[in-house]
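A.B. asks: Pasting the sequence and the predicted coordinates here, then a few questions.
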Amino acid sequence: MELTQRQNSILLLIINAHDAITSDDIATELNISSKTVQREVQAIDSILKKRNMAITSLRGKGYLIDDSHKNEMWKTYFYNDEFDNNVLPNVRQSRVEWIIRKIANGTLNGTYFTLEALADNLFISLSTLKRDLVSVRRILREYHIFLENDYKRGLVLTGDENSIRRLINDYLVLEKSTIDINRIIGQNTPRMDIIERIIVTCIQKYQLHLTDIGFKNLSIHIEIALTRIEQGKLGLSNTTTSINTDSNAYLCAEALAVMLEEALTLKIPESEIINIYIHLSSQKKLHTDVDNINSESPHNLQILNEALDDIYRIYGSDFRHDEILKQGLMTHLESALKRIELGLSIRNELLDEIEKNYPFEIQIAKVLAFHFLKTNAIAFNLDEVGFLALHFCGARERARQDEKSETTRAIVVCTTGVGTAMLLKAKLESQFGDALEIKKVSALYQLDKHDMDDVDLLISTVHIDRNLGVPTVVVSAIVTDRDIAHIKRYIKGNPSNSHSVADLFDEKLFIVNPDTQSPQELLEMMSQKALTLGYIDKACQESIIEREALGSTEVGNLVCIPHNIEGSVYRPSIVVCVLDKPIPWKYDHVQLILMILIDQDHRTHYSDLFAELYSEIDHQYKVSNIIRNKNIAYMKSLFIE
């Protein structure tokens with residue numbers, strides 16, 4: 001028996017908890033009752049015991065899982081390619097996404113569902129389903145798609161063909177890159193193998209370079225298009241897009257169409273060729289001459305340089321002379337801006353992990369996104385911001401490189417794009433320095449071309465299903481601490497760093513339930529407190545307001561972390577403000593404000609300070625404990641070993 005999605009969420013919280021976690025903490029995090037948590041934990045424990053694993057319940061402390069079981073649980077329930085495919089959701093937001101996937105799948109296969117059938121499948125009432133459909137329709141409107149109830153067929157999607165395909169791609173493909181597209185499409189033929197072979201032939205002939213994700217997305221785009229063509233649903237070409245018929249991308253699209261027509265005996269219209277061309281031309285290039293990009297996109301380079309200046313001014317992190325970062329960002333921006341121009345969506349499957357593991361880099365990326373919004377009126381969504389953050393992750397890892405000894409030669413196999421590849425390579429080099437030599441970063445489908453005689457190790461973000469005569473370590477695309485520990489079995493290197501923030505808390509700067517309730521007034525009140533005590537000067541106070549205007553400093557879980565960017569700080573401090581109730585901020589609600597005050601000369605320590613601070617507010621239950629205690633001693637205790 002498998003776990004429900006809610007049970008998976010509960011199990012994940014217990015696995016990730018540093019110590020025992022109470023049912024109240026879990027209930028707060030998942031917005032359910034403690035009794036529900038207790039009932040679910042009993043059910044989970046019964047299932048785990050069948051696999052010789054268990055959850056330990058400690059009276060007065062909470063739930064705990066033995067470290068010896070955590071890896072097996074992680075592998076069983078969270079690294080499984082089939083995870084979530086057959087799980088019926090029982091949380092409303094999850095049900096909404098499940099309903100959209102179900103309807104999108106039916107649209108692709110020509111099957112339809114009545115309200116009654118969906119309600120029965122979900123084991124919910126018809127009235128509950130109708131409430132969920134309000135949220136479903138709101139999401140569909142973002143795609144310019146409508147959900148109609150046809151009394152003969154059931155629920156039917158209506159809208160232009162390209163919008164429907166984009167929905168199918170987002171919810172059936174981008175939700176899970178390892179999904180079996182043949183199972184979704186309903187194909188029992190090896191058509192996908194034919195498509196992939198033809199793509200490889202064509203992109204090699206026309207010297208186009210795709211990431212593994214780009215390669216897979218193009219394969220799926222074509223498979224979906226062919227299925228819809230067979231149903232008489234032809235895609236619309238983007239007539240506002242200039243088509244360079246002499247470009248390799250267009251010639252490749254034409255060649256793809258010809259070879260597909262010959263292999264599959266069907267007719268591919270011109271509009272579909274243009275759609276393939278758009279898909280190819282928007283793909284991120286793996287091999288790009290930075291000088292060419294800089295000369296072709298001087299405006300974008302100027303915006304980037306201005307953003308890097310601001311990032312240095314705000315955070316003290318100096319990326320202004322990192323040409324590797326600039327090359328990676330300019331390459332990414334070229335394709336990202338093209339995607340936005342063409343209305344193509346991209347789902348960042350790593351976003352949750354990036355936000356959790358690299359919150360500081362997300363803040364930096366938001367500054368870059370703000371500059372493009374301010375200058376070009378181009379809005380990057382959070383998925384795109386996450387990809388930008390990966391480049392800054394890589395840059396920060398390169399800046400922390402240490403010299404090591406003894407070299408292990410490795411090839412890194414990365415499937416999720418150049419930003420992730422640069423982060424992965426940089427983090428490995430930062431962790432192991434000279435102990436690890438990255439010979440090459442390779443896409444999975446190109447791996448067979450490499451000579452393994454001078455390679456000691458393969459470090460891959462995806463399982464390699466063949467024996468290449470070299471040890472393989474499978475890691476997360478953003479390299480977690482667990483991955484680093486695994487790699488250390490093969491190579492040496494153990495850098496460590498720690499930083500405490502407990503001394504920055506001051507009882508005079510601990511504010512509880514103030515009368516002031518607007519964000520602007522709260523920031524002014526908190527900074528005025530520090531100014532009155534002589535901890536900062538007026539310029540510092542004004543810069544806190546200026547920083548918030550550059551982009552909200554919300555970090556989720558009802559928390560905001562404003563900070564100064566200029567002025568003098570005579571006593572580095574963290575001003576804490578706990579509100580009686582959450583108040584609206586820019587994007588969400590905030591109840592806990594942690595204002596960081598650091599002198600300009602110490603800005604380079606901000607990222608370490610932010611990271612340690614974030615480690616104690618990265619879950620809702622942790623924030624709830626701070627709010628509930630309303631105590632400076634408790635706040636300090638969180639940061640004392």
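C.D. replies: Nice, thanks for sending it over.
A.B. asks: if you average pLDDT over the longest strand that the chain contains, what comes out?
C.D. replies: Of all segments of type strand in the chain, defined using DSSP state E, the longest is strand 573-584. The average of the pLDDT scores along strand 573-584 is 93.
A.B. asks: what is the orientation angle of the next helix or strand after that strand with strand 573-584?
C.D. replies: Moving toward the C-terminus from strand 573-584, the first helix or strand encountered (DSSP states H and E) is strand 589-597. If you take axes from the mean of the first three to the mean of the last three C-alpha atoms, to 10 degrees, strand 589-597 sits at 160 degrees to strand 573-584.
A.B. asks: Find the centremost residue of the chain, please.
C.D. replies: In the chain, the C-alpha nearest the mean C-alpha coordinate belongs to residue 351, at 0.9 Å (C-alpha atoms, centre = their mean).
A.B. asks: if I pick the closest residue to that one other than its chain neighbours, what's in contact with it?
C.D. replies: Distance criterion C-beta to C-beta, 6 or more residues apart in numbering; nearest residue to residue 351, sequence neighbours excluded, is residue 386 at 4.4 Å. Backbone N, C-alpha and C define where each C-beta goes, glycine included. Residues in contact with residue 386, defined by C-beta atoms under 8 Å, 6 or more residues apart in numbering, are 348, 350-351, 354-355, 362, 365.
A.B. asks: With respect to residue 564, which of those residues is nearest?
C.D. replies: Closest approach between the contacts of residue 386 and residue 564, by C-beta to C-beta: residue 362, at 19.8 Å.
A.B. asks: which ones are touching the closest residue to the closest one other than its chain neighbours?
C.D. replies: Once flanking residues are discounted, residue 362 sits nearest to residue 389: 4.9 Å by C-beta to C-beta, 6+ apart. By C-beta under 8 Å, 6+ apart, the contact list for residue 389 reads 354, 358, 361-362, 364-365.
A.B. asks: One more: residue 393?
C.D. replies: Per C-beta under 8 Å, 6+ apart, neighbours of residue 393: 354, 358, 361, 423, 426-427, 478.
A.B. asks: For residue 51, the count of nearby residues, please.
C.D. replies: Neighbourhood size, residue 51 [other C-beta atoms under 10 Å]: 12.
A.B. asks: host element of the residue nearest to it when sequence neighbours are not counted?
C.D. replies: Leaving aside its chain neighbours, residue 51 sits nearest to residue 76 (6.9 Å; criterion: C-beta to C-beta, 6+ apart). Per DSSP H and E: residue 76 is located in helix 67-77.
A.B. asks: Contacts for that helix, please.
C.D. replies: 3, 8, 11, 15, 48, 51, 53-54, 65, 83, 482.
A.B. asks: Dump those into TSV; add distance to residue 472 as well.
C.D. replies: Listed next are the contacts of helix 67-77 as TSV, based on distance: C-beta to C-beta, whole Å:
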residue	distance to residue 472
3	29
8	27
11	28
15	25
48	29
51	25
53	26
54	31
65	27
83	22
482	16
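A.B. asks: so the strand or helix carrying residue 11 versus helix 67-77, what angle?
C.D. replies: Following DSSP H and E, one finds residue 11 within helix 5-16. Counting by the same axes, to 10 degrees, helix 5-16 lies at 150 degrees to helix 67-77.
A.B. asks: residues of helix 5-16 that come out buried?
C.D. replies: If you call a residue buried by 16 or more other C-beta atoms under 10 Å, then helix 5-16 has these buried ones: 5-11, 13-15.
A.B. asks: and which of those is nearest residue 399?
C.D. replies: Nearest to residue 399 out of those is residue 15 (C-beta to C-beta; 31.6 Å).
A.B. asks: Skipping adjacent residues, who's closest to that closest one in space?
C.D. replies: Sequence neighbours aside, residue 70 is the residue nearest to residue 15 in space, at 5.4 Å (criterion: C-beta to C-beta, 6+ apart).
A.B. asks: same question, residue 525
C.D. replies: In this structure, residue 525 finds its nearest non-sequential neighbour in residue 516, 4.9 Å apart by C-beta to C-beta, 6+ apart.
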